[in-house]
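>>> Model the structure of this input:
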Amino acid sequence: MTRWFGLFIGVCVMLAQQLDPDLEKALKAHQSGDMDTAVQQYRIYLKKKPDAFESRANLGAALARQGLFDEAIAEYKIALKAAPTNPGISYNLALAYYKTGDLTLAARELSALRALVGEQPQVTLLLADTYLQLGENKKVIQLLEAPAEAKPEDLGLAYVLGMALLRDKRVEEGQKFLNRILGRGESAEALLLLGTSKFSVGDFPNALKDFQRAAELNPDLPSLNGNLGQALMATGDTTAATKAFERELKQNPNDFVANLQLGVILKQDELFDQATACFSRALRMRPGDIGVRYQIAATMLAQNKIQMALVELERIVKDADNFTEAHVSLATVYYRLKRKEDGDRERAIVQRLNAEAQARQPKGQALP
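Predicted coordinates:
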């Protein structure tokens with residue numbers, strides 16, 4: 001809880017003692033951890049006082065404790081209509097969006113909150129982690145560079161910033177923050193960063209060793225099993241990769257990497273409905289992600305849903321005209337539809353893109 005939310009609870013207790021026994025029961029149950037009773041009593045009180053935004057927000061917090069985040073979000077929104085600049089409610093709304101995997105809305109709320117309250121470490125770090133999960137590595141770097149330099153002892157900042165730098169292929173800069181963590185001794189966090197560094201330069205076998213050692217130290221470290229699964233896929237062990245992705249999703253059903261990569265494996269195994277469910281969750285995490293959209297279209301094509309695949313593939317190549325695989329699949333669709341002229345055009349685009357990619361490779365180095 002943030003400091004302002006703690007103050008907010010204290011006001012509610014005082015009011016309960018003076019005004020209403022139902023609210024007092026709700027608060028006592030909330031503070032003792034009895035969320036079922038707290039929710040029931042808050043709702044009884046709110047029938048009498050529907051404009052009591054503090055109790056409305058407390059109801060949201062109790063629902064969130066029960067894992068009912070969609071219901072919590074609805075209560076927070078009502079509370080914010082009465083108290084639009086209340087930072088405690090805004091933070092809890094953002095956190096609820098984060099927990100449901102609606103990271104775009106979480107980032108929006110956290111950015112607005114940061115503008116309202118200024119630099120607050122808890123808000124800044126959660127916003128940075130939200131950007132990291134959205135794949136917005138440059139935003140993470142911009143957000144955390146100054147705080148990380150000001151607080152070199154803060155390993156949480158070093159971890160998130162280091163991860164963003166490594167994912168942004170800024171390996172040498174990321175290594176500086178990795179070294180801060182390694183300086184405290186072997187840890188799962190340090191090994192995850194080390195493995196990410198190796199994975200980013202294509203050293204998959206040694207990245208796998210780091211991830212496996214990290215899993216021995218802390219198998220529940222967020223995103224570790226997703227990274228382990230990627231390394232297992234890269235080294236050819238899709239069976240073990242599947243188990244790693246499933247472990248990640250058991251802990252965090254909204255992990256982007258695990259959903260996307262498990263979906264790819266399921267598609268290859270022709271488990272199309274399960275694959276589509278994974279891709280849909282990944283797309284919710286990163287709306288508009290071109291890679292996920294392509295996987296969904298490829299799944300449609302594999303199911304012989306030609307018209308549906310056609311619509312999505314034409315959208316994809318319009319949004320990303322250098323996406324070679326999408327042009328290949330679109331050519332396949334056109335040929336199946338007996339649209340030879342369109343298929344030939346797409347095949348020519350593929351040949352051009354491949355030639356351009358070959359020309360960019362260092363002399364003597366083949367394309368992967």
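>>> Look up phi and psi at the spatially closest residue to residue 133 that is not a sequence neighbour.
In space, and not counting its chain neighbours, residue 133 is closest to residue 103: 5.6 Å by Cβ to Cβ, 6 or more residues apart in numbering. All C-beta atoms are positioned from the backbone trio N, CA, C, and that covers glycine. Dihedral pair for residue 103: phi -70, psi -30, per degrees, to the nearest 10.
>>> pLDDT of stretch 340-357, averaged?
Stretch 340-357 comes out with an average pLDDT of 94.
>>> Not counting sequence-adjacent ones, nearest residue to residue 232?
Distance criterion Cβ to Cβ, 6+ apart; nearest residue to residue 232, sequence neighbours excluded, is residue 241 at 3.8 Å.
>>> Residue 327 contacts residue 352, doesn't it?
No. Here residue 327 lies out of contact with residue 352, judged by Cβ atoms under 8 Å, at a distance of 9.4 Å.
>>> Pick out whichever of these two has more residues nearby.
Neighbour count, other Cβ atoms under 10 Å: between residue 327 and residue 352, residue 327 has more, with 25 against 13.
>>> Next, name the residue at the spatial heart of the chain.
Nearest to the geometric centre of the chain sits residue 133, at 3.5 Å (Cα atoms, centre = their mean).
>>> Show the contacting residues for that one.
103, 256, 285 (Cβ atoms under 8 Å, 6 or more residues apart in numbering).
>>> quick one, strands of the stretch 251-368 of the chain?
Using DSSP state E, counting those that start in this stretch, no strands are found in the stretch 251-368 of the chain.
>>> ok so, going back, what kind of secondary structure is the residue nearest to residue 232 in?
Of the three states, residue 241 takes helix under DSSP: H, G, I helix; E, B strand; the rest coil.
>>> Now do residue 55 against residue 20, distance only.
In this view, residue 55 and residue 20 are 9 Å apart by Cβ to Cβ, to the nearest Å.
>>> what about these two, which has more around it?
Ranked by neighbour count (other Cβ under 10 Å), residue 55 and residue 20 place residue 55 first, with 26 against 17.
>>> Residue 252 - nearest residue in space that isn't next to it in sequence?
residue 222 (6.3 Å).
>>> domain ranges for the protein?
Under the assignment automatic domain parsing, the domains of the chain span 1-100, 288-361.
>>> number of nearby residues for residue 235?
Residue 235: 14 neighbours (other Cβ under 10 Å).
>>> residue contacts, it?
Counted by Cβ under 8 Å, 6+ apart, residue 235 has contacts 204-205, 208.
>>> Show me what whichever strand or helix holds residue 175 is in contact with.
Assigned by DSSP states H and E, residue 175 belongs to helix 171-182. Residues outside helix 171-182 that contact it (Cβ under 8 Å, 6+ apart): 148, 152, 155, 158-159, 161-166, 187, 189-190, 193-194, 197, 200-201.
>>> again with stretch 96-116
60, 64, 69-70, 72-73, 76, 85, 87, 90-91, 93-95, 120, 123-124, 126-127, 130-131, 133-134, 136, 253-254, 281, 284-287.
>>> Going by neighbour count, which residues in that stretch are buried?
For stretch 96-116, the neighbour count (16 or more other Cβ atoms under 10 Å) marks 96-107, 109-111, 113-114 as buried.
>>> One more: stretch 269-282?
By neighbour count on 16+ other Cβ under 10 Å, the buried set for stretch 269-282 is 272, 275-276, 278-279, 281-282.
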